[in-house]
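Colleague: okay, predicted coordinates and the sequence, questions at the end:
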Amino acid sequence: MTDTADTDGNLDKALAAAAAVAEVRDGMLVGLGTGSTATHAIRALGERVAGGLGIRAVATSRASDAMARRSGIAMLDFADVPRVDLTIDGADEIDPRLFAVKGAGGAMLREKVVAAASDRMLVIADASKRVAAIGAARVPVEILPFAHASLMAALGDQAMLRMRDAEPYVTDNGNWIADCRFGLDDPAKTAAWLDSIPGVLGHGLFLREVDAAYIADAGVVSRLERAASSR
């Protein structure tokens, strides 16, 4: 039997994705995110490409790249791309300040790099991801395996090494992920602290990157826009 809440959640993800993909214009270079919600955007974008939209794209993970190619989207290697017009991605949490936590899909380092190179970043989400203030979800932190013991100690006793099949989860960059519990009364301070730790290669706090969000709740899509650019 199909779970009704899951069905509704997928419908809302698809509606939010369609709203964001509607911003894509001919000739754009589009950044494609990673994760269950981002797959809806890739699918919707593929449908527009099939209908004649002329765009190229870069992906934030091997999985998204493969899906985009199957969807008929012309893909480029981000290593050769200096600038992206628009990136569309999901989030694990997003609040009214457009502060987001990302990384459940394990691609937050690449996602942040692509977002930083983008003129605009759109987040798409269902209502379960909208929160009054980020902080309930664990913050994924990409770490250098060489230093994992010292890094896990530095990240605190609530940090958990992400595992898959009884082995450390390995990112597309060949690194490991620590899923961390932090008090986020001051997200900027936490982000700066993480950025200062040698061996921490990236983290899932997206505080300046998101320009707008499309959030769907029971079939109704709302749009949040950052009042002023934070880039």
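Modeller: Structure received.
Colleague: the longest strand seen in the chain - contacts with which helices or strands?
Modeller: Looking across the chain with DSSP state E, the single longest strand is strand 118-126. In terms of contacts (3 or more C-beta pairs under 8 Å, 6 or more residues apart in numbering; DSSP states H and E), strand 118-126 is packed against helix 4-21, helix 36-50, strand 84-89, strand 212-217. Quick note: C-beta positions are derived from backbone N, CA and C, even for glycine.
Colleague: please parse this structure into its domains.
Modeller: Split into domains by automatic domain parsing, the chain comes to 4-133+207-221, 139-203.
Colleague: just the ones you listed: most buried one?
Modeller: The highest mean neighbour count among those, using mean count of other C-beta atoms under 10 Å, belongs to domain 4-133+207-221: a mean of 20.
Colleague: returning to what we had before: dump the helices and strands packed on strand 118-126 into CSV; add mean pLDDT and distance to Val170 as well.
Modeller: Shown next, in CSV, are the helices and strands packed on strand 118-126 (pLDDT from 0 to 100; distance: least, C-beta to C-beta, whole Å):
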stretch, mean pLDDT, distance to Val170
helix 4-21, 84, 26
helix 36-50, 97, 20
strand 84-89, 98, 21
strand 212-217, 98, 30
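Colleague: now render those as a markdown table, adding distance to Pro96.
Modeller: Conversion of the helices and strands packed on strand 118-126 to a markdown table gives the following (distance: least, C-beta to C-beta, whole Å):
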| stretch | distance to Pro96 |
| --- | --- |
| helix 4-21 | 16 |
| helix 36-50 | 19 |
| strand 84-89 | 18 |
| strand 212-217 | 10 |
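Colleague: and the contacts of the longest strand of the chain?
Modeller: Under the contact criterion C-beta atoms under 8 Å, 6 or more residues apart in numbering, strand 118-126 has outside partners 9, 12-13, 16-17, 19-20, 23, 31, 37-38, 40-41, 83-91, 94, 98, 100, 115, 209-217.
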